[in-house]
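Engineer: Structure here, sequence nowhere to be found:
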């Protein structure tokens, strides 16, 4: 086992060492890749060391350098050194982070890391924290707690009686909400037909006056969904004004990456009033740069949070209590995500997190400036780490996107914003430098000129 894990660590380190210079993505022969993993299921066992080498050889042609400094797609970070090492330890320890009985260490790490996260993100210290897989799960958990709360206030027990015959729940959300909100509503049985859309401003932030109008036009149990960090523009809703407009209605904030703005003094004003919400969703594998998969569901109402997810069984110690672990997440069996989160926060510290967020925002502005000087049109106000870039008509912009992806200098995706196609650049990686941005911008402009 010792030699095997040492070899695995060496292979992982070799991969990370080469990220800065390898093509971010390259053409893949799918059939050959599958063949490397394929063949008939072996009849006989194989030595673990042989299996490891076979896995490394089979995977290498199909690995994308998402952890590297020039991957600018999908708001993906690359795991920090301490977080990567902690994740390897967590795999070796093989802890089930369901409750403190199964792993006292995992429970303690989540408790401490959760407290640090709330401090950084401006969330009340009394809120509960569920360590989930990412933004989708975090939004689902937050809206499940909201569903319990608003229906209980209307005299309905959603966990006991389900939704057949329940009062209809209004969901008031921006036209620019992320797709994970709608998916969560489907998963929770609420459905998307209940969504009452609110207009959004030019950059995608919710129109607070229209929010007040929509709320006043209906009645009954309601949930308001707000956003910190529009997935295209980075724009943040005016959380304080929206909270005031919502009154005593449950407010959920989808802050997959935008909540991290609170950790940096220069960007914190963008999410002023964040502490006034009832639930929050945030990702760790984006701006905190911890390994996939890692997200956080926070709730200002611990009883509602636990009621929605409490796992009760005669053989479980403390079943139904607010444990901070198994009663706050959908999974009964999950890896100990808190170790890598704890390690990342220890490595960075408060000032390091602030500097990371600030640097990514500065690099995004540098990206936008270089591309604009080269003749591109920037389609958004660069307030965080998101940049929208157009090269004229949609066909040419799409051609540039394809050329950049084929070139391999950097990787970015495309998006449609307000009816037009754009390159979407997300700067989220701790290892990205000015040189990486300049090299990438030069490649994009070179390819656009062709």
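Structural biologist: On my side now, so go ahead. Quick caveat, the model's predicted, so the values are computed rather than measured. Residues are numbered from 1 along each chain as shown.
Engineer: all helices of the protein, in order?
Structural biologist: Taking DSSP state H as the test, the helices found in the chain are 2-17, 30-37, 48-59, 81-93, 104-121, 135-153, 158-161, 179-187, 208-216, 239-246, 302-309, 338-373, 394-407, 434-449.
Engineer: can you pull up the bridge partners for the most centrally placed residue in the chain?
Structural biologist: By CA atoms, centre = their mean, the chain has its centre lying nearest to residue 283, at 3.3 Å. Per DSSP bridges, the residues bridged to residue 283 are residue 295.
Engineer: Residue 295 is in contact with that one, correct?
Structural biologist: Yes - counting by CB atoms under 8 Å, residue 283 touches residue 295, with 5.0 Å between them. Quick note: C-beta positions are derived from backbone N, CA and C, even for glycine.
Engineer: Just the pLDDT for the nearest residue to residue 125 once chain neighbours are set aside.
Structural biologist: Among residues not flanking residue 125 along the chain, residue 118 sits closest, at 5.7 Å (CB to CB, 6 or more residues apart in numbering). On the pLDDT scale, residue 118 is placed at 98.
Engineer: Can you verify my assumption that residue 118 contacts residue 127?
Structural biologist: Yes - under the criterion of CB under 8 Å, residue 118 makes contact with residue 127 at 6.1 Å.
Engineer: Quickly list what's touching both of these two.
Structural biologist: residue 298 (CB atoms under 8 Å, 6 or more residues apart in numbering).
Engineer: so where's the stretch 301-450 of the chain uncertain?
Structural biologist: Low-confidence segments of the stretch 301-450 of the chain (pLDDT under 70): 313-324.
Engineer: any common contacting residues for residue 283 and residue 295?
Structural biologist: 134, 135, 138, 256.
Engineer: Mind putting those into JSON lines with distance to residue 234?
Structural biologist: Listed next are these as JSON lines, based on distance: CB to CB, whole Å:
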{"residue": "134", "distance to residue 234": "19"}
{"residue": "135", "distance to residue 234": "15"}
{"residue": "138", "distance to residue 234": "19"}
{"residue": "256", "distance to residue 234": "12"}
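Engineer: who wins for most neighbours among these?
Structural biologist: Counting neighbours by other CB atoms under 10 Å, the top entry in these is residue 138, with 30 neighbours.
Engineer: contacting residues for that one?
Structural biologist: 130, 132, 256, 280, 281, 282, 283, 295, 296, 297.
Engineer: Please apply the same query to residue 36.
Structural biologist: Here residue 36 is in contact with 57, 58, 59, 61 (CB under 8 Å, 6+ apart).
Engineer: now, which of those sits nearest residue 103?
Structural biologist: residue 59 (29.4 Å; CB to CB).
Engineer: number of nearby residues for the closest one?
Structural biologist: For residue 59, using other CB under 10 Å, the count is 14.
Engineer: Need the per-residue pLDDT for it.
Structural biologist: Model confidence at residue 59, given as pLDDT, is 97.
Engineer: Give me the distance between it and residue 36.
Structural biologist: 8 Å (CB to CB, to the nearest Å).
Engineer: still on that earlier bit, quick check: which of the helices of the chain is buried the most?
Structural biologist: Compared across the helices of the chain, helix 135-153 shows the largest average neighbour count, a mean of 25 (mean count of other CB atoms under 10 Å).
Engineer: now that helix, how far from the centre of its chain.
Structural biologist: On the basis of CA atoms, centre = their mean, to the nearest Å, helix 135-153 sits 18 Å off its chain's mean C-alpha point.
Engineer: and residue 196, which of the helices of the chain is closest to it?
Structural biologist: That would be helix 208-216 among the helices of the chain, by CB to CB, at 5.2 Å.
Engineer: quick one: average pLDDT of that closest one?
Structural biologist: For helix 208-216, the per-residue pLDDT averages 98.
Engineer: helices and strands around it, which ones?
Structural biologist: Applying 3 or more CB pairs under 8 Å, 6 or more residues apart in numbering; DSSP states H and E, one finds that helix 208-216 makes contact with strand 170-174, strand 195-198, strand 222-227, helix 239-246.
Engineer: Now do that helix and helix 239-246, the angle between them.
Structural biologist: Orientation note: helix 208-216 sits at an angle of 30 degrees relative to helix 239-246 (axes from the mean of the first three to the mean of the last three CA atoms, to 10 degrees).
Engineer: hmm, who's touching helix 208-216?
Structural biologist: 172, 196-199, 222, 224, 238, 241-242, 245-247, 249.
Engineer: which one of those sits closest to residue 164?
Structural biologist: residue 222 (20.1 Å).
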